[in-house]
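>>> have a look; sequence and predicted model below, questions after that.
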Amino acid sequence: MQGMATLHYAECAPFLEASLRDSNLLVRGNAALALSDLRIADASALVLSMFANEQDTIAIQYAAGALRTLGVKAAAPSIREKISVFNGQTRSTLIQVLGTLGSDDDLPLIAGYLNDATGSEIAATRAVEELAGVNFGPLRTGIGGYPPPELIAARAWWASHKDAWPRCDDCHPSVIRNK
């Protein structure tokens, strides 16, 4: 039954693909999300093209999420370019997506945002975890001190590994504990 649903929804792909070029940023962004939600992998190149040319922060965030869902590793160069151009939630989204789609070579770029005073530190922490295969502990929410323990652990881990990255012997432990 699931395969039949996918075939039924795939019929809307041409409309969604055309919507990636719409003048309205929300139409473009939502079209990218819909294509990824429907797992229409054939649209990956079009979503990537839309993302690479996009200048609006909301549409960039939506398209980046779509590229992550579709697993479009070819998006990494465009993501790298946009990270330094944008800030706030857009930068955080781009850092997180690069953590998924990037490679070991991206870790120094991402680790540079562990000390970002504009709010991308937690996104960088999670992206470092994903790229390096480490775990700095659960994300803490609510009232607490700053910086959170997982950010302190990420900063300490990077400080002790940056000179040897990516060829260090102990770079990929399963859990890093903040003591």
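Yep, that arrived. On a predicted model such as this, the values are computed, not experimentally measured, just so you know. Numbering: from 1, shown residues only.
>>> which is the next helix or strand following the helix or strand hosting A111?
Assessed by DSSP states H and E, A111 sits inside helix 107-111. Helices and strands here follow DSSP H and E; after helix 107-111, the next one along the chain is helix 121-132.
>>> for that next one, packing partners?
Other helices and strands packing on helix 121-132, by 3 or more CB pairs under 8 Å, 6 or more residues apart in numbering; DSSP states H and E, are helix 88-101, helix 107-111, helix 149-161. C-beta: built from backbone N, CA, C; applies to glycine.
>>> so which residues make contact with the helix or strand hosting L35?
In this assignment (DSSP H and E), L35 forms part of helix 25-37. For helix 25-37, the external contacting residues (CB atoms under 8 Å, 6 or more residues apart in numbering) are 12-13, 16-17, 19-22, 43, 46-47, 50-51, 54, 56, 58-59, 61-63, 65-70.
>>> redo that, cut-off 7 Å
13, 16, 19-20, 22, 43, 47, 50, 56, 58-59, 62-63, 65-66, 69-70 (CB atoms under 7 Å, 6 or more residues apart in numbering).
>>> those residues in helices, which ones?
13, 16, 19, 47, 50, 58-59, 62-63, 65-66, 69-70 (DSSP state H).
>>> ok, so of those, who is nearest L114?
Closest approach to L114 among the ones in helices among the contacts of helix 25-37 (CB to CB): G65, at 22.3 Å.
>>> comparing the helices and strands packed on helix 121-132, which comes out most buried?
Scoring the helices and strands packed on helix 121-132 by mean neighbour count under mean count of other CB atoms under 10 Å gives helix 88-101 as the most buried, with a mean of 22.
>>> just name whatever secondary elements that one is in contact with.
helix 57-70, helix 76-83, helix 107-111, helix 121-132 (3 or more CB pairs under 7 Å, 6 or more residues apart in numbering; DSSP states H and E).
>>> check contacts around I60.
So I60 contacts 51, 54, 82, 86, 90 (CB under 7 Å, 6+ apart).
>>> how does it look with 10 Å?
25, 28-29, 32, 50-51, 54, 78-79, 82, 85-86, 90, 93-94 (CB atoms under 10 Å, 6 or more residues apart in numbering).
>>> so how do I select the buried members of the residues you listed in ChimeraX?
Here is the ChimeraX command that selects the buried residues among the contacts of I60 (16 or more other CB atoms under 10 Å):
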select :25,28,29,32,50,51,54,78,79,82,86,90,93,94
